[in-house]
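Chemist: starting from these lines, generate the structure:
(chains A and B)
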Number of protein chains: 2
Amino acid sequence: MSKEVTIDWCPDKSSKTALVHQIVQYITKKVYRGDWLIGDRLPTQRALAVAFDVNRSTISTAISELTISGVLETTVGKGTYVANNTWSLLVSDKTPNWKDYIEKGFHQANLPTIQAINKYEFDDDIIRLSTGEVSPELMPQDLFSEIFQQMSSEPIAFNYLEPLGLEALRTELCHYLKKHDIHITEKEILIVSGSLQALQLVALALLGKHSKVFVEEYSYVKSLKVFEFSGINMKTIATDNDGPLPWIIDTSTLREGTSILYTIPTFHNPTGRVMSHERRVELLKWCQKNHLPIIEDDAYRELYFDVRPPKPIKSMDTSGNVLYLGSFSKSLAPGIRIGWIVGPESVIERLGDIKMQTDYGASSVSQWMMTYMLRSGLYEEHLIQLRTRLKERCHQVLSYLDTYFSNIATWHVPKGGFYIWLKLNRAYHTDTLFENALKNKVLINPGFIYTSKNSSHIRISYSYASMADMEKGLQILSKIIREL
Amino acid sequence: MSKEVTIDWCPDKSSKTALVHQIVQYITKKVYRGDWLIGDRLPTQRALAVAFDVNRSTISTAISELTISGVLETTVGKGTYVANNTWSLLVSDKTPNWKDYIEKGFHQANLPTIQAINKYEFDDDIIRLSTGEVSPELMPQDLFSEIFQQMSSEPIAFNYLEPLGLEALRTELCHYLKKHDIHITEKEILIVSGSLQALQLVALALLGKHSKVFVEEYSYVKSLKVFEFSGINMKTIATDNDGPLPWIIDTSTLREGTSILYTIPTFHNPTGRVMSHERRVELLKWCQKNHLPIIEDDAYRELYFDVRPPKPIKSMDTSGNVLYLGSFSKSLAPGIRIGWIVGPESVIERLGDIKMQTDYGASSVSQWMMTYMLRSGLYEEHLIQLRTRLKERCHQVLSYLDTYFSNIATWHVPKGGFYIWLKLNRAYHTDTLFENALKNKVLINPGFIYTSKNSSHIRISYSYASMADMEKGLQILSKIIREL
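Modeler: As a prediction, the model looks like this:
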């Protein structure tokens, strides 16, 4: 995959060294040190002239020199690239062949679209219509301030922690989970650096060759590579409005390898759907009968608007069938990077051992912060505020959708969470849509990243952008769709 | 591997339910929910009577009942176990076979000795002679307090961060690294949750089938499973007092798969050794010539007593050969879980992408905390204090060694870091020593966890235990060795 390099330097015009020579040196060094790899694409000469703040002719001379010396190669109509033979010609006496290392590594790279999203989310000019996190303005700065004040007033030893995480935090979480009818002890819960890490640990610790992970047609984990290790298979299960229909699974496929089912029953990502109580009961019963463990990802539970969602599947689990994930990333602030996984002691111990081998535990600073937040009741206080403000945002965004999307898409009215799942009336390539939107400084999560099939969906999130940006972005997006 | 279960519950003596029945229910539930696994060992009946606070006869009746119903099985002379057929007999209608999941997972479990160390480090009665972290009393509580005060006084948005980590922290680290003659930009550094995670990322992102990791005879990474993925080979390189001698490597072994060399040149873990400047130059030259990248783990650099150690290998690297690891875990507090890896942009970008897939970045709370620490100069202030106090501790521990070990072991006098590498005069099984010490409430890191061969070494750390504990522990250890 060819990547365009970025220029982060300008020649020094006051230097005695000629500009051409400075540029040749800069590019040679970038290649020589392995910063740029074989096959990486350079910007156009016009763009290079802007980036280096020099004349086109200076660029043209520099490129010629570098082409002659074999560092770059130019193909008419295609552009200029780091030359294929650079490594052998120029740097073979010293530089490792990093391209080889990067390509042969075990773990797959993120989807290019996800990489682009991760990157453009830090571009200040971009309107983020889909970002799945709370806006800074929804974060309780006054409460954070209170907590840091407390942390400042008493000595805390930031040593390595127990394999399962800070005991005081696990105790607080056991109390907290009782409110959701989940009754556990401190040995049945592992603190993780966010739910994604819990999935990574499950993949490393409990899955192996021939393992199957059953997921809904549209699923958060399909946008990740976390289960795409050698030999693990992702299998799609049929789904209706109430959630997955596992009884359609051919149970003979469960015989080989260890399998697991992943679901977000409450305010599902990306569809926003809530699984009914009856479906939760049926799903658990079927999975128990077929010895298929469930990963219940419950990151959005607290974000209901009016009515509490049905009880977690885990609250009905008497046979250790459910691994239950929770997190403060959606309900408080993702940067704290604290989540948890609940399961049978034997499984939690195994996951804790792998966690120790992965990063020696989550940040104790974050763990102490959350212990104080829970213990003081400030977290619950924050949730009450957040629910009201999310509901307001949601209503506002629904009114924008009525204005700009009423005859080009359909959607459900959310009862909580972050997402509205727009279904476009006509089948578009949502990757083209993604690119066109990006050109217009609008960032969306297109439906295809959540599925292996085509998709004419867009995930809209009312949690992040300002309402002014939301309206502007939706208006632009609507225009792009109409013009396609 | 059979594990002894722990009892964390007592029957309710005021309940109308008979004690025997309560115990039967408790054990059945533990097995039924997957907390205890097939083959797990129960404590002796005597120990169970103590744990449940009941008569031996009550235990005996409960065990009989559970044996008859097939939950437990008792082998004379061996003890009582969770029965092999439990899963099929009792719980086959519901519970997943978690034992199977745990055994078939990709990632290996920690060494049993390391698991024991991780566990016993949280036992308050234990003297920790080898713990590789600073004692809480060496942590700058007043500076932490100042930092939290600052964090409390200005709003911080704890959102997800850029793939490479908080830009403000990367900028501070670029300044900081200049002091060590490492000149980089923010795109050449990735923030990680401690150095161990950096190794995990290297293993996942850059290594694959047939990869080789070259390590010294005694090496920190041999105590880990981080490089024991399918197909990666760990190869030992010959070492003298100055460090590794890579030129003895048969270069034909470098042809297949991607390879890397791992070393801690400064205050090496576990030996405490410092690689000379000349060896650093030679090592880099040889590795450049053979295109073998180096991981330079420099976690202990700041902990010198009198003389600054030789410059990092990375400071002499003009060809992108060295991946440089640093961390605040040893020099400030491990619980902050912040480290970094420096390398060519292309490699750092790949590692950052995998990090995003692993845990969406390190804690922003910790990252902001360290940004403030560096920016305010408080970190440098702390290091001056810490060096003096570590030196004092080291001298004290050396005097204890003179008293208790002078005729049973030899050692070098450290110039910094945490460790004294005791070489016992006679060849003992250090695993027996480990167990005997543990029985006497003394925890050591025995030499064999750092090598694939036999070892008559013990890693002593003067950074953690109080000096009173240190003396007491060394006295006990000396007695045990003399009696072996």
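
Chemist: wait, isn't A:Ser152 in contact with B:Ser153?
Modeler: No: using C-beta atoms under 8 Å as the test, A:Ser152 is too far from B:Ser153 to be in contact (9.9 Å). Where you see a C-beta, it was placed from the backbone N, CA and C, and this is true even at glycine.

Chemist: ok, these two, which is more surrounded?
Modeler: A:Ser152 (18 against 11; other C-beta atoms under 10 Å in any protein chain shown).

Chemist: quick check: the gap between A:Phe106 and chain B.
Modeler: For A:Phe106, the distance to chain B (C-beta to the nearest C-beta, to the nearest Å) stands at 5 Å.

Chemist: chain B contacts on the stretch 201-350 of chain A?
Modeler: A:203-209, A:211, A:224-226, A:229-230, A:257-258, A:288-289, A:291-293, A:318-321, A:329, A:333-338, A:343-347, A:350 (C-beta under 8 Å from any C-beta of the partner chain).

Chemist: run the last query once more with 7 Å
Modeler: Applying C-beta under 7 Å from any C-beta of the partner chain, we find that the stretch 201-350 of chain A lies next to chain B at A:204-208, A:224-226, A:229, A:258, A:288-289, A:291, A:293, A:319-321, A:333-337, A:344-347, A:350.

Chemist: how about the helices in the stretch 151-300 of chain A?
Modeler: A:167-178, A:195-206, A:277-289 (DSSP state H, counting those that start in this stretch).

Chemist: buried ones in the last one?
Modeler: Neighbour-count burial for helix A:277-289, counted by 16 or more other C-beta atoms under 10 Å in any protein chain shown, picks out A:279-280, A:282-284, A:286-288.

Chemist: let me see the mean pLDDT of stretch A:54-67.
Modeler: Taken as a whole, stretch A:54-67 has a mean pLDDT of 93.

Chemist: neighbouring contacts of that stretch?
Modeler: With contacts defined as C-beta atoms under 7 Å, 6 or more residues apart in numbering or on different chains, stretch A:54-67 is touched by A:11, A:19-20, A:23-24, A:27, A:45-46, A:48-49, A:52, A:72-74, A:80.

Chemist: same question, stretch A:348-358
Modeler: Contacts of stretch A:348-358 (C-beta under 7 Å, 6+ apart): A:163-164, A:187-190, A:192, A:201, A:204-205, A:341, A:361, B:102, B:107, B:109-110, B:115, B:118, B:197, B:200, B:224-226.

Chemist: so A:Val192 bridges to which residues?
Modeler: Beta-bridge partners for A:Val192, by DSSP bridges, are A:Gly339.

Chemist: that one and A:Val342 touch, don't they?
Modeler: No: between A:Val192 and A:Val342 there is no contact under C-beta atoms under 7 Å: 11.0 Å.

Chemist: the two: which is more packed in?
Modeler: Between A:Val192 and A:Val342, A:Val192 has the larger neighbour count (other C-beta under 10 Å), namely 29 against 25.

Chemist: next up, the contacts around that one.
Modeler: Counting by C-beta under 7 Å, 6+ apart, A:Val192 touches A:198, A:201, A:339-341, A:355, A:362.

Chemist: count the neighbours of A:Gly70 for me.
Modeler: Counted by other C-beta under 10 Å, the residues lying close to A:Gly70 total 14.

Chemist: phi, psi for it please.
Modeler: Main-chain torsions, A:Gly70, degrees, to the nearest 10: phi 90, psi 10.

Chemist: repeat for the one 4 residues further on
Modeler: For A:Thr74, the backbone dihedrals are phi -120, psi 130 (criterion: degrees, to the nearest 10).

Chemist: roughly how far apart are it and A:Thr80?
Modeler: A:Thr74 is 5 Å from A:Thr80, where distance means C-beta to C-beta, to the nearest Å.

Chemist: these two - which one has more neighbours?
Modeler: A:Thr80 (20 against 15).
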